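Undergrad: all I have is the shape, not the residue letters:
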Ligand SMILES: [Zn+2]
């Protein structure tokens, strides 16, 4: 006899992170909307600690900033402090 039985399958869920700019609340860090093959992304962080072959103890301080705010606010602020941008062609 073939018996049909409906079995409840629990929905799976996963944790996903999305990042927004601390200043303007727009998506950032790879979540920025782009057109066609445009590239946009900003990572601002500093790592400190120790790294060994079998493990690491590293603390990270990071800021979430979109590319528009980086260009409009962060670059001028860094330049005002004396930092000089280094530009390079990343194409291939
Ligand atoms: Zn922003």
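TA: On my side now, so go ahead. Owing to the predicted nature of the structure, the values given are computational and were not obtained by experimental measurement.
Undergrad: show residues contacting stretch 21-36.
TA: Residues outside stretch 21-36 that contact it (C-beta atoms under 8 Å, 6 or more residues apart in numbering) are 18-20, 40-43, 63-69, 73. Backbone N, C-alpha and C define where each C-beta goes, glycine included.
Undergrad: now residue 75, what's its secondary structure?
TA: helix (DSSP: H, G, I helix; E, B strand; the rest coil).
Undergrad: gap between the most centrally placed residue in the chain and residue 8?
TA: For the chain, the residue lying nearest the average C-alpha position, counting by C-alpha atoms, centre = their mean, turns out to be residue 29 (2.8 Å). To residue 8, residue 29 is 37 Å away according to C-beta to C-beta, to the nearest Å.
Undergrad: rewinding a little: what's the pLDDT at the residue nearest to the centre of the chain?
TA: You'll see residue 29 listed with a pLDDT of 79.
Undergrad: again with residue 64
TA: For residue 64, pLDDT reads 94.
Undergrad: what about it, distance to the ion?
TA: 9 Å (C-beta to the ion, to the nearest Å).
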